[in-house]
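Trainee: sequence below, structure please.
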Amino acid sequence: MPHPRWQRLFLMTALTALGAGAAHARRPQVHWEKIHVYHLAPTLVFARLGLTHSVKNGHTRDGKQGVPDPSFPPGLTDVVPYDAAHLLIVRGTTGGLSLFRSRVAAADVPLQPLHLHAELTRRQEDGATPFGMVDQDEKGDALPVQISLGDGAAARVYQITTRTNPDGTLWVACRISLPLPRPPAEGAAPAAVFVPNRVWTDPLSRKLRPGETAVFEDLASFRQAAGRRLGAVGPDTTDDYTLRVTLTPLPAAPVTLAAQL
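Mentor: Below is the predicted model of the structure:
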């Protein structure tokens, strides 16, 4: 007849094994998957989904293990974009992957081409005078475009970035050019060395609806402060300017099957 002590030990061992098995059964299984994107670069889809870092692996952005990261998709542990292969490599649970696939499909839509209209006025004591105007079509989420408004050496140079948001609103950012001084002739850099003639301020951004106008103030005081911070000590006008940028959506080009492959 088994000793009571051995019976208790056997029961404890069995219960421990059952508990470990139940815990293992409750632990969600994760696996890797490739998600193809067809219209946008995977890094752009990644950004549209509000992601700022690719690999979670149980860590938040500040490295605290086990602390939930609300910015990361639920049910996923890794999301890595590969532009060259038009893929997002993801790892997560079955439910998490299914939800993420639907989010990727909603974000992977053709670029909305935009018409950009920019007007620059110079502010003076007796009012504002027109200083330049430009009209051009943009692809939407393209690289920044550089525009020059005004004539000759007095021209103002800006870098404009546009984007269509998933909710249909538009986003536009403006960076202002600050001139750099020319190097002295006796100390000129060799021809093989690139010497920039300008630096850019931090971007100023606006969110607007189609057809609305974003207003950017190009103030002399702002340029002087930014110039000191960026090391730009070249000559610049003491005038204040106002840049108005209007974005209007254009009809999107039809998407063919060949364009998706």
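
Trainee: and the pLDDT at residue 40?
Mentor: pLDDT, residue 40: 82.

Trainee: leaving out chain neighbours, which residue sits closest to it?
Mentor: residue 108 (5.6 Å; Cβ to Cβ, 6 or more residues apart in numbering). C-beta coordinates here come from the backbone N, C-alpha and C atoms, glycine included.

Trainee: and residue 248, what does it touch?
Mentor: Residues in contact with residue 248 (Cβ atoms under 8 Å, 6 or more residues apart in numbering) are 114, 115, 117, 210, 211.

Trainee: which of the residues you listed tops the neighbour count?
Mentor: Highest neighbour count within the contacts of residue 248: residue 114, with 24 neighbours (other Cβ atoms under 10 Å).

Trainee: now that residue: how far from residue 170?
Mentor: According to Cβ to Cβ, to the nearest Å, residue 114 and residue 170 sit 7 Å apart.

Trainee: cool, and residue 242?
Mentor: Residue 242 sits 19 Å away from residue 170, going by Cβ to Cβ.

Trainee: show me which of these two is the more surrounded one.
Mentor: Neighbours per residue (other Cβ under 10 Å) separate residue 242 from residue 170, with residue 170 holding more: 24 against 16.

Trainee: so what's the residue count around the residue lying closest to the more buried one once chain neighbours are set aside?
Mentor: Nearest non-adjacent residue to residue 170, counting by Cβ to Cβ, 6+ apart: residue 247, 4.8 Å away. The number of residues packed near residue 247 is 27, by other Cβ under 10 Å.

Trainee: tell me the phi and psi of the nearest residue to residue 164 once chain neighbours are set aside?
Mentor: Closest residue in space to residue 164, ignoring its immediate chain neighbours: residue 112 at 4.0 Å, by Cβ to Cβ, 6+ apart. Main-chain torsions, residue 112, degrees, to the nearest 10: phi -90, psi 110.

Trainee: OK, contacts around the residue lying closest to residue 205 once chain neighbours are set aside?
Mentor: Distance criterion Cβ to Cβ, 6+ apart; nearest residue to residue 205, sequence neighbours excluded, is residue 173 at 4.1 Å. Each residue near residue 173 by Cβ under 8 Å, 6+ apart is listed here: 144, 160, 161, 203, 204, 205, 206.

Trainee: can you rerun that using 10 Å?
Mentor: Contact partners of residue 173, counting by Cβ atoms under 10 Å, 6 or more residues apart in numbering, are 144, 159-163, 202-206, 214, 216, 245.

Trainee: same question, residue 128
Mentor: Taking Cβ under 10 Å, 6+ apart, we find residue 128 in contact with 120, 121, 122, 240, 241, 242.

Trainee: those residues: which two are farthest apart?
Mentor: 120 and 240 (11.3 Å; Cβ to Cβ).

Trainee: out of the contacts of residue 128, who's nearest residue 139?
Mentor: Of all those, residue 139 sits closest to residue 120, with 22.9 Å by Cβ to Cβ.

Trainee: just to check, the closest one is in contact with residue 134?
Mentor: Yes. Judged on Cβ atoms under 10 Å, residue 120 makes contact with residue 134 at a distance of 8.7 Å.

Trainee: find residues that contact each of these two.
Mentor: Taking Cβ under 10 Å, 6+ apart as the criterion, residue 120 and residue 134 both touch 147, 148, 149, 158, 245.
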